[in-house]
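**Student:** here's my sequence, what's the structure:
(one chain, ligands or ions: 1)
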Amino acid sequence: MRRYFVGGNWKCNNTIAQTQSLINTVINKLVFDINKVEVAVAPIFLHVPWVQANIQKNVQVAIQNSSLTKMGAYTGEISVEQVKDLGIPWVILGHSERRQYYGETNEIVGKKTRIALDYQLNVMACVGEKLAERESGQTTQVIQAQLNSIKKELTTEQWAKVVVAYEPVWAIGTGKTASPEQAQEVHAFIRGWLKSQIGTQAEQATRIIYGGSVTEKNAADLIKQPDLDGFLVGGAALKPAFADIVAAAN
Ligand SMILES: O=C(COP(=O)(O)O)NO
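**Tutor:** Numbering: from 1, shown residues only. I've put the predicted structure just below:
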């Protein structure tokens, strides 16, 4: 039985006071069984040390993306050694906003995923199609290409530290959540891809989580889907509603 996984992607939100309030009034009040569900939240880089020092120990800290370069003359970047040095266990990679606004290609996402795993980080690897790709029937081809770019870089064993996040771009921040059936269809495709491309162990053990306008109102129906193992939550992760979403997976 796969343990559920609920991630909170705080994106580029919050002043330090808002982060402190969110941690103190929502995150540190979460009660869940760590044997049933794993929870990680991803503040902006600047807030990570404060969050690490003040968050309840049942909730893990993730970073959002970053270039994960080596240390050195890379002005403005953050290196994977520095992430490791702070003991941060998770990184979100391949998010559609990085692909859309910062030109992150499938190949870049694949290479970043390998770098993160080579340094024993755990990776939430995001995949998902745009509305036009869905409407033209290209959803599975798009997802397959995104997954293949990661496969190219990883050993079979490294998949044990990967959570796949299916985030249809048309559902992110729009309020247009995929229906449970739509989500299950793509999750089942990803599960089948894991079986045929990586192997039975990855098929059975890899968590495939859904992201895209998850709220306290739709989480319970989504989590009932057999190949849906949790969520990667954006807007609702910044609100008390996050507690209800975690509860749906607990
Ligand atoms: O981008 C998202 C989802 O964002 P929303 O929940 O706001 O749609 N997760 O990484």
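
**Student:** with adjacent residues omitted, what lies nearest to the residue of the chain found nearest the ligand?
**Tutor:** Taking C-beta to the nearest ligand atom, the ligand has its nearest neighbour within the chain at G234, 2.1 Å off. In this view, the C-beta of every residue, glycine as well, is placed from N, C-alpha and C. Nearest non-adjacent residue to G234, counting by C-beta to C-beta, 6 or more residues apart in numbering: N9, 5.2 Å away.

**Student:** and the one you found, its phi and psi?
**Tutor:** phi -100, psi 100 (degrees, to the nearest 10).

**Student:** so who does T113 touch?
**Tutor:** Neighbour list for T113: L93, G94, V123, A125, I150, E153, L154, V162 [criterion: C-beta atoms under 8 Å, 6 or more residues apart in numbering].

**Student:** do L46 as well
**Tutor:** Neighbours of L46 in contact, by C-beta under 8 Å, 6+ apart: I16.

**Student:** mind checking the SS state of it?
**Tutor:** Three-state call for L46 (DSSP: H, G, I helix; E, B strand; the rest coil): helix.

**Student:** pull stretch 230-242 out as PDB, backbone CA atoms only.
**Tutor:** C-alpha atoms of stretch 230-242 as PDB (Å, rounded to 0.1, in the frame of the first residue of the first chain):
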ATOM      1  CA  GLY A 230      -2.200  12.600  -3.000                       C
ATOM      2  CA  PHE A 231      -1.900  16.200  -4.100                       C
ATOM      3  CA  LEU A 232       0.400  19.000  -4.900                       C
ATOM      4  CA  VAL A 233      -1.600  22.000  -3.700                       C
ATOM      5  CA  GLY A 234      -1.000  25.700  -4.700                       C
ATOM      6  CA  GLY A 235      -3.500  28.300  -3.700                       C
ATOM      7  CA  ALA A 236      -5.300  26.300  -1.000                       C
ATOM      8  CA  ALA A 237      -1.900  25.400   0.600                       C
ATOM      9  CA  LEU A 238      -1.700  29.000   1.800                       C
ATOM     10  CA  LYS A 239      -5.000  28.800   3.700                       C
ATOM     11  CA  PRO A 240      -6.600  26.800   6.500                       C
ATOM     12  CA  ALA A 241      -8.200  24.700   3.800                       C
ATOM     13  CA  PHE A 242      -4.900  22.900   3.600                       C
END
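
**Student:** next SSE downstream of the helix or strand hosting I190?
**Tutor:** Assigned by DSSP states H and E, I190 belongs to helix 180-197. Following helix 180-197 in sequence order, the next helix or strand is helix 200-205 (DSSP H and E).

**Student:** per-residue confidence at the residue of the chain most remote from its centre?
**Tutor:** Of all residues in the chain, A73 has its C-alpha farthest from the mean position, at 28.9 Å, by C-alpha atoms, centre = their mean. We have a pLDDT of 94 for A73.

**Student:** same question, L22
**Tutor:** pLDDT, L22: 98.

**Student:** which residues does the residue of the chain closest to the ligand contact?
**Tutor:** Contacts for G234 (C-beta under 8 Å, 6+ apart) come out as N9, K11, I172, G173, G211, V214.

**Student:** pick out the most distant pair among the contacts of T113.
**Tutor:** G94 and L154 (13.1 Å; C-beta to C-beta).

**Student:** so for the two, which sits in the more crowded spot?
**Tutor:** Higher neighbour count among G94 and L154: G94, with 27 against 20, using other C-beta atoms under 10 Å.
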